[in-house]
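Colleague: Quick one, structure for this:
(one chain, ligands or ions: 2)
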Amino acid sequence: MAKISVLAPQVANMIAAGEVVERPASVVKELIENAVDAGADAVTVEIRQGGAAYIRVTDNGCGMDPEDAQAAFLRHATSKIRYEGDLDAIRTLGFRGEALAAVAAVSKIDLFTKPPAAPSGFHVSIEGGEITEAGETGCPDGTTVVVKDLFYNTPARMKFLKKDSTEASYVEAAAEGAALARPSLSIKMIKDGKEGLYTPGDGNMLSALYAVYGRDFTRQLAALSGSQRDVQAGGFISRPSFSRANRGMQSFFVNGRPVRSKLLTAAVDQAYQGRLTGGRFPACFLSLSVSPSAVDVNVHPAKLEVKFAREREVFSAVYQFITAALDSADPLRPEPEEEREQPRSIQPEAPRRQEPVLKTGYRPRLFTFPESRPQGGEPLKSSGQIPYQTKFQAADAGKSPASPAKPAQPLQPAESEPPPALKPRGKEAPPRLEEPIAAEKPTDAPEFRVIGELFATYILVQTQDALVMIDKHAAHERMIYNRLRQAAGGGDGQTLLAPQRVSLSRREKEVLMENQPLLTQAGFGIEDFGEGALMVRQTPMYLEGEDAGYVLSDIAGQLLEGKTPRAESYEKILKSVACKAAVKAGGFTSREEQQDFVARLLADPQVRSCPHGRPVLFVLTRGEVEKQFKRTL
Ligand code: ADP
Ligand code: MG
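Modeller: Ligands and ions are numbered 1, 2, ... in the order given. Sure thing, here's the model as predicted:
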């Protein structure tokens, strides 16, 4: 081992920067926090090129005198705590005195600051942690920090930055988080010269939500509030008719600080259990106040996590606040079990949906059941899988397969000519199960008889030598997905007679517009429709216009995660479409449709697993059955 030496402050600062300053968004987060701690009630955030080139944060807070303006950049220089004991009850967002030093170590900073009482302002320039200029200057009350060329001296860090639009979207997310955390703070965002987010700072979280997510979204939120022992909460949650494929619309604030918390997400999940189908997440904006001594905010380098002293108390309080809010948001709510089966639509009837016109000139009968569609009015809704199943069960009950009035189905599917759309393009479907019967009898579809349905989920089919269980949803999904893929590039879609207005958050809309070519390729026709909205004029085949919003927000969520390589984004879009369209096709209106469906499925060896890899069918051979009954030797 070599001799130990204490690192020079500049090196130490760069190490700290590695923890605190991950990307432009972290700089913006720290600067906004400083503004809040300085008592500002209005902040402007300007960025250029995703923030890596330029970040400006201007506040109307208390400002700094010349001495503090220079000391602020020293490591562990803070005005917010003084003694060890202060760490036990932190009331400010900052407290480590680390952020400005860390940012300064990896960028070029200009600071302009003036306390309201001071006759003039002060300016400091810093490059790579060294003060290069300092002196009096004229400037408005408050503080402006300009950060240029982030990571100019740490190329390794620079390489980890994503493309400008993605970084910009993270910055916006940070600004949105700050705005929701502090509804009394007015935030204005300027991105490459264009105005973005603006929150009024009127103290009302709903106003901030409105600014971030738009009118349609905020309309369906339910207010939440409550107080239990040391925990006070306020905020908004989505009704169960709304859901997302990820947690992108869940934000938690503890004492005005946006935080991530497994404890809080778990409480939310539990409160929504039985109200949402698996894999779907509610929107939730929850602001908690707890005594500063009951929460440790010093557990994460970027202060993104907190630790509660009494976790169980917080968990149960949050759980109860949410369940109470959900219950009172819907006083007519039936038993949870029932609701899962049958979300009622208690909204006034929406105008009847216009029938979409297919460019291709036909409507694939299998996937459209106009009579069974509920007339819901919400633009974004939960998976909707259940109502159709319920409907189907009801329809099925009247004509049970066992009913003597109904003769057994013929072994050959009736009128088995599938609609052209569902036949694989360009080749005759080789009709073949893995079972030998198809080989023996190479007709267009293997012989089979539909026995009935199991658990309203699986179709039971008898072939010559086997029992086949088909997962309806998985099979539908795969068929639609295959079809969409075959149409790929053609932009095959259906023009909507009634274009659908879809409301989205600013970032969701932006990421969709950026990926418009991919969406067009998948069959979507979308247009920018002003603040927080898109107009959908065309949807991919099989996707109902009214489901466009659901699928687009799902896709936006995935794109915003930024993890998917571009090549896979397209596949994901198709999967999203197929999944939703398949859910819609959850019920059959008639025996013939079921028959058709099975015929097509058995004849198409491409349909054996769903796009997510789950199997579509399960075969139990006669031999296996006989073995169970010990009929074989
Ligand atoms: P911390 O916020 O943890 O104290 P920072 O490095 O972020 O550490 O800031 C150092 C100090 O600089 C703060 O304690 C505060 O006194 C001062 N300061 C930073 N930003 C501002 C601002 N926008 N207005 C007034 N004072 C500020
Ligand atoms: Mg700070």
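
Colleague: Count the neighbours of the closest residue to residue 62 other than its chain neighbours for me.
Modeller: Nearest non-adjacent residue to residue 62, counting by CB to CB, 6 or more residues apart in numbering: residue 38, 4.7 Å away. The way it works is simple: take the backbone N, C-alpha and C, and place the C-beta from them, glycine included. As a burial measure, residue 38 scores 21 neighbours (other CB atoms under 10 Å).

Colleague: give me the residue from this protein nearest ligand 1.
Modeller: Taking CB to the nearest ligand atom as the measure, the chain has residue 94 as its residue closest to ligand 1, at 2.2 Å.

Colleague: Identify the residues contacting that residue.
Modeller: Counting by CB atoms under 8 Å, 6 or more residues apart in numbering, residue 94 makes contact with 30, 33, 34, 37, 78, 80.

Colleague: By neighbours, which of the residues you listed wins?
Modeller: In those, the most neighbours by other CB under 10 Å go to residue 30, 25 neighbours.

Colleague: quick one: the residue nearest to residue 61 when sequence neighbours are not counted and ligand 2, what's the gap?
Modeller: Closest residue to residue 61 apart from its sequence neighbours, by CB to CB, 6+ apart: residue 38 at 2.9 Å. Distance check for residue 38 against ligand 2: by CB to the ion, to the nearest Å, it reads 10 Å.

Colleague: Go ahead and confirm residue 38 touches residue 143.
Modeller: Yes: the pair residue 38 and residue 143 qualifies as a contact (CB atoms under 8 Å) at a distance of 6.5 Å.

Colleague: intersection of neighbour lists for those two?
Modeller: 59, 61, 63.

Colleague: and residue 132, which of the three is it?
Modeller: strand (DSSP: H, G, I helix; E, B strand; the rest coil).

Colleague: ok, now residue 530?
Modeller: Classification of residue 530 using three-state DSSP returns coil.

Colleague: same deal with residue 511?
Modeller: Classification of residue 511 by three-state DSSP places it in helix.

Colleague: Leaving out chain neighbours, which residue sits closest to it?
Modeller: Using CB to CB, 6+ apart, the nearest residue to residue 511 is residue 559, at 4.6 Å.

Colleague: For ligand 2, what is the nearest residue in the stretch 1-150 of the chain?
Modeller: Relative to ligand 2, the nearest point of the stretch 1-150 of the chain is residue 94 (2.7 Å; CB to the ion).

Colleague: Around ligand 1, pick out the residues from the protein.
Modeller: Selection of the chain residues close to ligand 1 by CB under 6 Å from any ligand atom yields 30, 34-35, 37-38, 59, 61-64, 68, 72, 77-80, 94-101, 143.

Colleague: Okay, strands next: where are they in the stretch 501-633 of the chain?
Modeller: With DSSP state E, counting those that start in this stretch, the ranges of strands along the stretch 501-633 of the chain come out as 525-528, 533-540, 617-621.

Colleague: and residue 257, what are its phi and psi?
Modeller: When read as degrees, to the nearest 10, the backbone of residue 257 gives phi -120, psi 120.

Colleague: what's near enough to touch it?
Modeller: Residues near residue 257 by CB under 8 Å, 6+ apart: 93, 181, 297, 303, 306.

Colleague: Identify the bridge partners of the closest residue to the second one other than its chain neighbours.
Modeller: Spelled out, that is residue 181. Closest residue in space to residue 181, ignoring its immediate chain neighbours: residue 253 at 4.2 Å, by CB to CB, 6+ apart. Counting by DSSP bridges, residue 253 is bridged to residue 258, residue 287.

Colleague: measure residue 253 to residue 260 for me?
Modeller: Applying CB to CB, to the nearest Å, the value for residue 253 to residue 260 is 11 Å.

Colleague: Looking at the strands of the stretch 501-633 of the chain, which one is packed in the most?
Modeller: Of all these, strand 533-540 carries the top mean neighbour count, a mean of 22, counting by mean count of other CB atoms under 10 Å.

Colleague: list the helices and strands that one packs on?
Modeller: Counting contacts by 3 or more CB pairs under 8 Å, 6 or more residues apart in numbering; DSSP states H and E, strand 533-540 packs against strand 493-503, helix 506-514, strand 525-528, helix 548-561.

Colleague: what does the model give residue 564 for pLDDT?
Modeller: Per-residue confidence at residue 564 stands at 66 (pLDDT).

Colleague: what's the closest non-adjacent residue to residue 294?
Modeller: In space, residue 294 is closest to residue 309, 4.6 Å off (CB to CB, 6+ apart).

Colleague: From ligand 2, how far off is that neighbour?
Modeller: 24 Å.

Colleague: now residue 451
Modeller: From residue 451 to ligand 2 the distance is 68 Å (CB to the ion).

Colleague: That residue should be in a helix, yeah?
Modeller: No: under three-state DSSP, residue 451 sits outside any helix and is assigned strand.

Colleague: give the contact list for it.
Modeller: Taking CB under 8 Å, 6+ apart, we find residue 451 in contact with 401, 460, 461, 462, 467.

Colleague: Make a PyMOL selection of the buried ones in those.
Modeller: Buried members of the contacts of residue 451, defined by 16 or more other CB atoms under 10 Å, are picked up in PyMOL with:
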select buried, resi 460+461+462+467
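
Colleague: need the contacts of residue 451 in CSV with distance to residue 14, secondary structure and pLDDT, can you?
Modeller: Formatted as CSV, the contacts of residue 451 follow (distance: CB to CB, whole Å; DSSP: H, G, I helix; E, B strand; the rest coil; pLDDT from 0 to 100):
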residue, distance to residue 14, secondary structure, pLDDT
401, 72, coil, 35
460, 66, strand, 92
461, 66, strand, 92
462, 71, strand, 92
467, 67, strand, 92
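
Colleague: what's across from residue 110 in the sheet?
Modeller: residue 125, residue 146.

Colleague: May I have the residues that are in contact with residue 63?
Modeller: Counting by CB under 8 Å, 6+ apart, residue 63 touches 38, 113, 114, 115, 116, 118, 121, 141, 142, 143.

Colleague: List the contacts of the closest residue in space to residue 300 that isn't next to it in sequence.
Modeller: Nearest residue to residue 300, sequence neighbours excluded (CB to CB, 6+ apart): residue 306, at 7.8 Å. The neighbourhood of residue 306, defined by CB under 8 Å, 6+ apart, consists of 254, 257, 259, 261, 295, 296, 297, 299, 300.
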